[in-house]
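Student: Have a look at this prediction, sequence included:
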Amino acid sequence: MNIRILSVPLAIVGLLALGGCASPTVVTLQNGTQYLTQDMPKTKGTDGFIEFKDISGAKIKVNANDVATIRKEK
């Protein structure tokens, strides 16, 4: 019984710790558009595009030439 009682709070703490591993990133385009991403975007692929998910979970794909900066949010 005690193991079941302790397992729920330990599972919650574990999930919170894993959620803290993601580092939000701001992708700024040449035209000034900014995207707040869940994590660091994939670097330029062979097709010349950068892919990432914004904080709402939408998949974004932009031309690498249109990207001005990619920086980690503090």
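Tutor: Looks like it came in fine.
Student: hey, where'd the helices end up in this protein?
Tutor: Remark: helices assigned in the chain by DSSP state H are 2-19.
Student: all strands in it, in order from the N-terminus.
Tutor: Remark: strands assigned in the chain by DSSP state E are 25-29, 34-37, 49-53, 59-63, 67-72.
Student: in the last one, what's buried?
Tutor: By neighbour count, with 16 or more other CB atoms under 10 Å as the criterion, the buried positions of strand 67-72 are 67, 70. No exception for glycine: its C-beta is placed from N, CA and C like everyone else's.
Student: Which other helices and strands does it contact?
Tutor: Using 3 or more CB pairs under 8 Å, 6 or more residues apart in numbering; DSSP states H and E, the elements in contact with strand 67-72 are strand 25-29.
Student: Pull out the buried residues from the strand it packs on.
Tutor: The neighbour-count check on strand 25-29 (16+ other CB under 10 Å) flags 25, 27 as buried.
Student: how many degrees apart are it and strand 49-53 in direction?
Tutor: Taking axes from the mean of the first three to the mean of the last three CA atoms, to 10 degrees, one finds that strand 25-29 is oriented at 140 degrees with respect to strand 49-53.
Student: I'd like to know which of the strands of the chain is closest to Thr43.
Tutor: In terms of CB to CB, the element of these nearest to Thr43 is strand 49-53, at 6.9 Å.
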